[in-house]
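Chemist: Next comes the sequence, and after it the predicted model I'd like to discuss.
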Amino acid sequence: MKYKVDVTCLELIEDIDQIEGLVSVIMPAYNSGLFISKAIDSVINQTYIDWELLIVDDCSTDNTAEIVSDYLIKDKRIKYFKNLSNSGAAASRNKAVKEAKGQYLAFLDSDDIWKSKKLEKQINFMRKNKYTFTCTSYSKIDKHGENLHRTVNALTVDYEDMLRRCPGNSTVVYDASKLGKFIIPLIKKRNDYVMWLKVIKSAGMLQGLDEILSCHRILSNSISSNKASLVKYHWIVYKDIEKLGMLKSVYLVVFWIAKSIFRIQ
């Protein structure tokens, strides 16, 4: 297998301007008009109030910008950026990470939502145990926000374990003041997974908080919904980015195919 993908921009950003206790919420957005208000509201409704929300619009052609503009007037903690051209979620995440001022980086997709105590409980979990890289359990909802009664339990894994499992993107928080800020290759799919593999090399472990604090919306037209197309991106992650050997890369790709077929967490 050979695919042309830019995998050269994986790097660590040194940042001396991080504000202690501040959580920078990273939210890429593209044609998110149907759901982004729910996502933003779930941040505004957090019981932990020391946050900034960085929304990066990847040249949406719907009413995403108009919806966000209303929030910019209401809450100064919300910041809006727009890419010069449609560049993909990885480029949008990279831009938000570079602009982030928080000690902690949290990630929320524009169609997902958080429970109101998500940040409070997760930051307390990190502070109490001196953890630097954490995730939580999450549930799955449909496009109408209805509970699908499917739960994905939080992970506690090291790097080798993470090669076989991936935390929910909208559940992750890590301490950038201790681990640094990472930008990732401009890969169309699985770019969040690439970031977690990079972060765990610095953190050593991903610690899971076994409580449902986030909801992942399942959309039939989402990038992650086409499981078959993810195969080549797993190959890129393992062989080209992680530089794993041929046999191990093949094994891991086959593992993910089987995992998708049998719906293994």
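Modeler: Cool, the structure landed.
Chemist: can you give me the helices for the stretch 151-265 of the chain?
Modeler: Using DSSP state H, counting those that start in this stretch, the helices of the stretch 151-265 of the chain run over 159-162, 176-179, 191-203, 230-235, 246-262.
Chemist: hey, C-alpha coordinates of the fourth one in PDB?
Modeler: Listed next in PDB are the C-alpha coordinates belonging to helix 230-235 (Å, rounded to 0.1, in the frame of the first residue of the first chain):
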ATOM      1  CA  LEU A 230     -10.500   4.200   7.500                       C
ATOM      2  CA  VAL A 231      -8.300   1.200   6.700                       C
ATOM      3  CA  LYS A 232      -5.800   3.100   4.500                       C
ATOM      4  CA  TYR A 233      -5.500   5.800   7.200                       C
ATOM      5  CA  HIS A 234      -4.700   3.300   9.800                       C
ATOM      6  CA  TRP A 235      -2.000   2.100   7.500                       C
END
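Chemist: Look up the pLDDT of Glu14 for me, please.
Modeler: Listed pLDDT for Glu14 reads 56.
Chemist: hang on, the earlier thing: pick the most buried one from the helices of the stretch 151-265 of the chain.
Modeler: Highest mean neighbour count of those: helix 191-203, a mean of 21 (counted as mean count of other Cβ atoms under 10 Å). Glycine gets a C-beta too; all of them are placed from N, C-alpha and C.
Chemist: Show me what it is packed against.
Modeler: When contacts are defined as 3 or more Cβ pairs under 8 Å, 6 or more residues apart in numbering; DSSP states H and E, helix 191-203 sits against helix 89-99, strand 133-141, helix 159-162, helix 176-179, strand 181-183.
Chemist: circling back to that earlier point, including mean pLDDT and distance to Gly88, could the helices of the stretch 151-265 of the chain go into JSON lines?
Modeler: Output for the helices of the stretch 151-265 of the chain, formatted as JSON lines (pLDDT from 0 to 100; distance: least, Cβ to Cβ, whole Å):
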{"stretch": "helix 159-162", "mean pLDDT": "96", "distance to Gly88": "23"}
{"stretch": "helix 176-179", "mean pLDDT": "96", "distance to Gly88": "22"}
{"stretch": "helix 191-203", "mean pLDDT": "95", "distance to Gly88": "8"}
{"stretch": "helix 230-235", "mean pLDDT": "82", "distance to Gly88": "12"}
{"stretch": "helix 246-262", "mean pLDDT": "87", "distance to Gly88": "21"}
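Chemist: Go through those and name the closest to Cys59.
Modeler: The closest of those to Cys59 is helix 191-203. By Cβ to Cβ, the value is 17.4 Å.
Chemist: Distance from the chain centre to that closest one, please.
Modeler: 10 Å (Cα atoms, centre = their mean, to the nearest Å).
Chemist: Next up, the contacts around the closest residue to Tyr104 other than its chain neighbours.
Modeler: Once flanking residues are discounted, Tyr104 sits nearest to Val23: 4.5 Å by Cβ to Cβ, 6 or more residues apart in numbering. Residues near Val23 by Cβ atoms under 8 Å, 6 or more residues apart in numbering: 48, 50-52, 102-106, 119, 123, 173.
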